[in-house]
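> I would like to see how this sequence folds:
(one chain, ligands or ions: 1)
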Amino acid sequence: MSNCKTIAVCNQKGGVGKTTTTVNLGVGLAMQGKKVLLIDADPQGDLTTCLGWRDSDSLSVTLTEKLQAIISEQEQNPFDGILQHKEKVDLVPSNLSLSSLEMTLVTAMSRESVLKNYLSLVKDKYDYVLIDCMPSLGMITFNALTAADSVIIPVQAQYLPAKGMTQLLGTIAKVRKHTNADLKIDGILLTLVDGRTNLAKSTVEALRENFGSHIRIYRSMIPAAVKAAEVSSKGTSIYAYEPNSPVSKAYAGFTKEVLADGRQKERLHAAHEHAR
Ligand SMILES: Nc1ncnc2c1ncn2[C@@H]1O[C@H](COP(=O)(O)OP(=O)(O)OP(=O)(O)O)[C@@H](O)[C@H]1O
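Numbers count the residues shown, from 1 in each chain. Predicted coordinates:
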């Protein structure tokens with residue numbers, strides 16, 4: 001059994017901080033000594049650009065080629081084309097070609113498991129794989145949820161997310177039923193929290209009211225800050241750009257919460273092995 005944990009960072013609503021969270025959780029985990037692979041599963045390629053590869057269309061190997069090779073059962077070196085970022089995270093990049101692959105997937109065999117099958121070739125080398133999902137619930141996102149052990153849902157504090165959340169939870173239920181019975185929801189991360197208003201508090205209350213106590217809301221909340229918006233054009237994490245900022249501290253705290261989950265999983269795994 002692989003000890004790697006695969007997490008999909010998912011919300012079909014655009015602009016809620018999925019990419020920013022993937023970068024800063026990924027680098028945060030790497031700073032704690034974890035081996036991390038980031039997957040850009042969005043044809044917009046924002047994660048790829050955010051990490052400094054501006055001209056993503058010129059990349060000859062992207063997630064599209066990796067998945068295409070799985071679909072057509074071609075031999076591939078699964079590590080070929082994985083980019084190495086100076087902050088010690090690896091990246092499978094993406095660009096617009098991923099949207100045409102989404103069409104190809106519709107008619108492919110085992111179409112929901114293509115990403116999972118690719119990750120099975122590389123994940124033994126990593127402690128964490130983080131998948132930055134696109135803002136839709138189409139085939140690529142279904143693949144991400146099928147490949148994942150768990151989901152982290154960034155939610156923008158300014159908006160009451162009831163309807164969108166119901167849709168996302170419906171998709172997660174479908175994935176559990178058909179392709180990934182063990183898929184867990186690790187929690188909801190509140191992002192773009194504006195400290196001057198009470199909206200974050202009312203969003204938390206609305207989330208609790210609507211989705212019960214069964215979905216955890218992370219204690220760490222990510223403040224809205226100009227520096228966090230700026231960093232997406234700098235090719236680095238917030239830790240490298242503005243180490244002492246509140247956003248940097250919030251993502252470091254969030255990383256610790258995610259690591260604590262991982263340790264719990266390791267303890268359960270050890271207890272299970274011991275009992276056998
Ligand atoms: N804490 C923050 N404070 C201020 N701006 C932020 C913060 N986090 C992210 N942003 C900015 O908000 C925008 C959306 O963030 P991000 O790209 O991470 O969201 P997303 O959910 O991945 O978007 P998409 O759905 O389009 O992929 C970006 O311009 C980003 O720089």
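> now do the helices in the stretch 1-150 of the chain.
Taking DSSP state H, counting those that start in this stretch as the criterion, the stretch 1-150 of the chain contains helices spanning 18-31, 46-50, 63-71, 97-106, 114-122, 139-147.
> touching the ligand at all, the first one?
By that I understand helix 18-31. Yes. Taking CB under 6 Å from any ligand atom as the criterion, helix 18-31 and the ligand are in contact, through 18-20. Every C-beta, even on glycine, is put in place using the N, C-alpha and C of the backbone.
> average model confidence for that helix?
Throughout helix 18-31, pLDDT has a mean value of 98.
> quick one: low-confidence parts of the stretch 151-276 of the chain?
Applying pLDDT under 70 to the predicted model, the residue ranges of the stretch 151-276 of the chain that meet it are 160-162, 196-197, 200, 212-213, 264-270, 272-274, 276.
> helices of that one, start to end?
Across the stretch 151-276 of the chain, reading from the start of the chain, the helices by DSSP H, counting those that start in this stretch fall at 162-178, 199-211, 226-230, 238-241, 246-275.
> most tightly packed of these?
Highest mean neighbour count among these (mean count of other CB atoms under 10 Å): helix 238-241, with a mean of 20.
> by contact count, what packs against that helix?
Using 3 or more CB pairs under 8 Å, 6 or more residues apart in numbering; DSSP states H and E, the elements in contact with helix 238-241 are helix 18-31, helix 226-230, helix 246-275.
> ok, the closest residue in space to Thr203 that isn't next to it in sequence - contacts?
With CB to CB, 6 or more residues apart in numbering as the criterion, Thr203 has its nearest non-adjacent residue at 4.9 Å, and that residue is Ala157. By CB atoms under 8 Å, 6 or more residues apart in numbering, Ala157 lies in contact with 190-194, 199-200, 203, 221.
> can you rerun that using 7 Å?
Ala157 makes contact with 190-194, 199-200, 203 under the criterion CB atoms under 7 Å, 6 or more residues apart in numbering.
> so how far is Gly17 from it?
10 Å (CB to CB, to the nearest Å).
> before we move on, what about Ser113?
On the measure of CB to CB, Ser113 and Gly17 end up 28 Å apart.
> who's more crowded, those two?
Under the criterion of other CB atoms under 10 Å, the comparison of Ser113 against Gly17 puts Gly17 first, with 21 against 18.
> so what's the more buried one closest to, chain neighbours aside?
Nearest in space to Gly17, with sequence neighbours left out and distances taken as CB to CB, 6+ apart, is Thr191 at 3.5 Å.
> so that neighbour bridges to which residues?
The residues paired with Thr191 through beta bridges, assigned by DSSP bridges, are Gln156.
> and the gap between it and His178?
When distance is defined by CB to CB, Thr191 is 30 Å away from His178.
> give the buried residues for stretch 46-58.
By neighbour count with 16 or more other CB atoms under 10 Å, stretch 46-58 contains the buried residues 46-51, 53, 56.
> near the ligand, which residues of the stretch 1-150 of the chain?
14-20, 42, 46, 135.
> turn the buried residues of stretch 46-58 into a markdown table, columns for pLDDT.
Output for these, formatted as a markdown table (pLDDT from 0 to 100):
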| residue | pLDDT |
| --- | --- |
| Asp46 | 96 |
| Leu47 | 97 |
| Thr48 | 98 |
| Thr49 | 97 |
| Cys50 | 96 |
| Leu51 | 97 |
| Trp53 | 96 |
| Ser56 | 88 |
